[in-house]
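Sequence and predicted structure are below.
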Amino acid sequence: MSTLEENLKPSIVLLSTSDLEIEVKELKEQIRNLKENSDAEHLKIEEKIDGVIRGLAWLNIAKSQGMWKSRTCRYMDNDACSAWNVNEPEKLGIPADAVTLEQNGNKRISVLKFPELCISCPLYEAKRTQ
Ligand code: SF4
């Protein structure tokens, strides 16, 4: 394997809690602590809900782009990504039915079942037309 290939050897790291998750947790906390029916508190909660809705809109856009990439990437082989070997897919929230264990011990992810893997993938390359 060349140095360039070594540097590009894919690995996946577990990401910390997303901003959206933090916002939802804060929102739950605010609702739990809501003692008065004051307008000011309602306004704060409304702002939080707006933030969550914006986050969800962003997620939908990201997901649709992930779906597009999963179908057009040259590394998609028999529905699965041939570029990534994900050691602990359960820690990334990848559903078990999207994981295939190969004879050599590599775990491949079906990007048709889990296109989220493609959303921010730096290895994406469009399929070459012949
Ligand atoms: S975009 Fe990335 S994760 Fe998706 S198939 Fe291509 S190489 Fe694999």
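On my side now, so go ahead.

So what does Ile94 look like in phi/psi?
Here is the backbone geometry of Ile94 (degrees, to the nearest 10): phi -80, psi 120.

From Ser70, how far off is it?
13 Å (C-beta to C-beta, to the nearest Å). (Each C-beta comes from the backbone N, C-alpha and C, glycine too.)

now Trp58: how far from Lys48?
16 Å.

neighbour count winner among those two?
Neighbours were counted for Trp58 and for Lys48 using other C-beta atoms under 10 Å; Lys48 has more, 18 against 12.

What residues sit buried inside the helix or strand harbouring the more buried one?
Secondary structure from DSSP states H and E places Lys48 in helix 39-72. Neighbour-count burial for helix 39-72 flags 48, 51, 55, 66-67, 69-70 (criterion: 16 or more other C-beta atoms under 10 Å).

after that helix, next one along is what?
strand 76-77.

Check which helices and strands the helix or strand following that next one sits against.
Remark: after strand 76-77, the chain's next helix or strand is strand 80-81, criterion DSSP H and E. Using 3 or more C-beta pairs under 8 Å, 6 or more residues apart in numbering; DSSP states H and E, the elements in contact with strand 80-81 are strand 107-109.
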